[in-house]
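Enquirer: Need the 3D shape of this:
(one chain, ligands or ions: 1)
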Amino acid sequence: MLQISDIIVKKRDGHALTPEEIQWTISRYARDELPDYQISALLMAIFYRGMTRVETSALARAMIESGDTVDLGYLDSLPVDKHSTGGVGDKVSLILAPLVAACGVPVPMMSGRGLGHSGGTLDKLEAIPNFRTRIEESEALDILNDIGFVMMGQTDSIVPADRKMYSLRDVTGTVPSIPLICGSILSKKYAEGAKALVLDVKIGDGAFLKTRTETIELAKSLVSLGNDLGMRTIAQLTAMNQPLGNAVGNWLETREAVQCLRGSGPDDVMEVTMALSAQMLVLGGKAETLAEAAECLDSALHTGKAMALFRRMTELQGGDLSVIDDLDSFVLPSFTKDIVASEDGYIGSIHGREVGWCGVMVGAGRQSKDDIIDPGAGMIFHKKTGDAVSKGESLVTIYASDVSLIDGAAPRLSDAIDIVEQPVEAPPLIDMLIDPAGWIKKC
Ligand code: URA
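Expert: Numbering: from 1, shown residues only. Okay, here's the model as predicted:
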């Protein structure tokens, strides 16, 4: 008979688990038959010892089997989704989903919450008062059929194992593990019914994995496992050296996403959004080439079609449209503080991971599993890498509901921004593309 303690010891000692052992563990954990403390120990053992491709595939399949799978086979067009491996200031999903849907590709998007130092799409959507991310499958299908996309969290019946493991990983230091990231992302995407997938694999200081080699390994694992599961999967590496856009924090990012949909968002956010969206249109068969895809996306943006779809989704999911229609009507936290330049020069770098943790410190993320997020907390950057700055000029404004939270985060945020004497160039945003044949294209 299998015992969880034996399975933990086997992985701790560096041996490969059998698919049966993985399936046994995951199914029992999803049914609350194994305690968090034992699964935490197993997650830590997996973090240090890794998993083979066979184990990772068994993990993804066991996670899928922990719940139901949505069948979208009835749709006329191929449902395509995108998922990011996690970044800071990454509000791309909020812009991309309505844009891609406006071009005729169905997007059944099931997202996660903030994890570690990185933000999560569900927390950003829930910053819109009353917005419901917990919706049942039948309602989600109605919304998808009506407007071509839906943005939601896992229902109780879809990948329950990931919902539990995700929040445990968040607080046990076990997020940056290639097999755990692969299992988490691919199980959700498969179960939601996506037939093709564009992965935004973040690379740089604000990403979960530290080195380029590990990041490419993650991208290749995701692409090969996604395709093994029957989803046409590609991975686009994108820069996460500094926060994406100017806003970090849930409402501030949702506000910036709406500005992007209205055509006035920051260039870096739009560049990443357009690149990933174009890949989705090609994978979904709505464009032959990336250039053709770009034309359709430009038109969806500039005619206001994508914005109208975002608005409609907000309405259907119970969100308060008044804050979307008048972005200034959202009441921001009472306390703010500016971090100012200590000297003249140029922004040499902004350490994305540190910025993410400062966001958590001011209430935009969770330090422990049951923490409640402050939707208005976060920061707005006024300067990004490469910008010239003068002594005393504001680099970033912090927003929080308690002055002690600002006082705690401000010195760390200040240390996260380097000012240098000579001009520097921000690194390119769109890095390599990894496709199912294992080809790596430098973009
Ligand atoms: N996004 C997920 O859904 N899971 C991870 O493990 C990392 C990013």
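Enquirer: Against residue 141, how distant is the closest residue to the ligand within the stretch 51-200 of the chain?
Expert: Closest residue of the stretch 51-200 of the chain to the ligand, Cβ to the nearest ligand atom: residue 184 (3.5 Å). Backbone N, C-alpha and C define where each C-beta goes, glycine included. Distance of residue 184 to residue 141, given as Cβ to Cβ, to the nearest Å: 23 Å.
Enquirer: Tell me which of these two has more neighbours.
Expert: Per other Cβ atoms under 10 Å, whichever of residue 184 and residue 141 has more neighbours is residue 184, with 26 against 19.
Enquirer: what's residue 431 sitting at in phi/psi?
Expert: Per-residue torsions, residue 431: phi -100, psi -150 (degrees, to the nearest 10).
Enquirer: Isn't it up against residue 238?
Expert: Yes. Residue 431 lies in contact with residue 238 (Cβ atoms under 8 Å); the separation is 6.2 Å.
Enquirer: show me what contacts residue 39?
Expert: By Cβ atoms under 8 Å, 6 or more residues apart in numbering, the contact set of residue 39 is 25, 29, 164-165, 168.
Enquirer: one more time with 10 Å, if that's ok
Expert: Applying Cβ atoms under 10 Å, 6 or more residues apart in numbering to residue 39 gives the contacts 4, 8, 25-26, 28-29, 161, 164-165, 168-169, 172, 174.
Enquirer: Among those, name the ones in strands.
Expert: Secondary structure defined by DSSP state E assigns none of the contacts of residue 39 to strands.
Enquirer: and the nearest residue to residue 421 once chain neighbours are set aside, what pLDDT?
Expert: Ranked by Cβ to Cβ, 6 or more residues apart in numbering and with sequence neighbours excluded, the top spatial neighbour of residue 421 is residue 345, at 5.3 Å. As summarised for this prediction, residue 345 has a pLDDT of 98.
Enquirer: quick one, helices of the stretch 51-200 of the chain?
Expert: Secondary structure of the stretch 51-200 of the chain (DSSP state H, counting those that start in this stretch): helices located at 53-65, 92-102, 121-125, 137-147, 160-170, 178-191.
Enquirer: Which residues belonging to the longest one are considered buried?
Expert: By neighbour count, with 16 or more other Cβ atoms under 10 Å as the criterion, the buried positions of helix 178-191 are 178-191.
Enquirer: isn't there a strand covering residue 398?
Expert: Yes. Counting by DSSP: H, G, I helix; E, B strand; the rest coil, residue 398 is located in a strand.
Enquirer: For burial, what's the neighbour tally of it?
Expert: Other residues near residue 398 come to 26 when the count uses other Cβ under 10 Å.
Enquirer: what sits against it?
Expert: Contacts were defined as Cβ under 10 Å, 6+ apart; by that measure residue 398 touches 248-249, 333, 335-339, 358-359, 361-362, 377-380, 405-407, 409-410, 413.
Enquirer: Can you tell me how far it is from residue 244?
Expert: Distance of residue 398 to residue 244, given as Cβ to Cβ: 18 Å.
Enquirer: Now residue 294. Nearest residue, chain neighbours left out?
Expert: Leaving aside its chain neighbours, residue 294 sits nearest to residue 278 (5.4 Å; criterion: Cβ to Cβ, 6+ apart).
Enquirer: just checking, what packs against the helix or strand containing that neighbour?
Expert: If you go by DSSP states H and E, residue 278 is part of helix 267-283. Under the contact criterion of 3 or more Cβ pairs under 10 Å, 6 or more residues apart in numbering; DSSP states H and E, helix 267-283 touches strand 80-84, helix 92-102, strand 196-203, strand 232-239, helix 250-261, helix 290-302, strand 430-434.
Enquirer: which strands and helices sit next to the helix or strand in which residue 220 is found?
Expert: Per DSSP H and E, residue 220 falls inside helix 212-228. Packed against helix 212-228 by the contact rule (3+ Cβ pairs under 10 Å, 6+ apart) you find helix 53-65, helix 178-191, strand 196-203, strand 232-239, strand 430-434, strand 440-441.
Enquirer: Does residue 141 touch residue 74 like I think?
Expert: Yes. Between residue 141 and residue 74 there is a contact under Cβ atoms under 10 Å: 9.4 Å.
Enquirer: Let me know which of the helices of the stretch 51-200 of the chain is the nearest to residue 372.
Expert: helix 121-125 (10.7 Å; Cβ to Cβ).
Enquirer: pLDDT below threshold where in the stretch 51-200 of the chain?
Expert: By pLDDT under 70, the stretch 51-200 of the chain has no low-scoring segment.
Enquirer: Which parts of this structure belong to which domain?
Expert: 4-50, 80-325+430-442, 332-420 (automatic domain parsing).
Enquirer: Redo these as JSON lines? Include distance to residue 60.
Expert: Output for these, formatted as JSON lines (distance: least, Cβ to Cβ, whole Å):
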{"stretch": "domain 4-50", "distance to residue 60": "10"}
{"stretch": "domain 80-325+430-442", "distance to residue 60": "5"}
{"stretch": "domain 332-420", "distance to residue 60": "23"}
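Enquirer: most packed of those?
Expert: Most buried of these, by mean neighbour count (mean count of other Cβ atoms under 10 Å): domain 80-325+430-442, with a mean of 22.
Enquirer: How far does that domain sit from its chain's centre?
Expert: Counting by Cα atoms, centre = their mean, to the nearest Å, domain 80-325+430-442 is centred 6 Å from the centre of its parent chain.
Enquirer: Quick check: beta-bridge partners of residue 238?
Expert: With DSSP bridges as the criterion, residue 238 is bridged to residue 202, residue 430.
Enquirer: Do you know the pLDDT at it?
Expert: At residue 238, pLDDT is 97.
Enquirer: sorry, back to before: for residue 321, find the nearest of the helices of the stretch 51-200 of the chain.
Expert: Nearest to residue 321, of all those, is helix 121-125, at 13.4 Å by Cβ to Cβ.
Enquirer: How about the closest one and the ligand, touching?
Expert: No. Judged by Cβ under 6 Å from any ligand atom, helix 121-125 and the ligand are separated, with a smallest distance of 9.4 Å.
Enquirer: list the helices and strands that helix packs on?
Expert: Counting contacts by 3+ Cβ pairs under 10 Å, 6+ apart, helix 121-125 packs against helix 92-102, strand 107-110, strand 149-152, helix 250-261.
Enquirer: CA atoms of it as PDB?
Expert: Below are the C-alpha coordinates for helix 121-125, written out as PDB (Å, rounded to 0.1, in the frame of the first residue of the first chain):
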ATOM      1  CA  THR A 121      -4.800  38.100 -13.400                       C
ATOM      2  CA  LEU A 122      -7.700  37.200 -11.000                       C
ATOM      3  CA  ASP A 123      -6.500  39.700  -8.400                       C
ATOM      4  CA  LYS A 124      -6.400  42.400 -11.000                       C
ATOM      5  CA  LEU A 125      -9.900  41.600 -12.300                       C
END
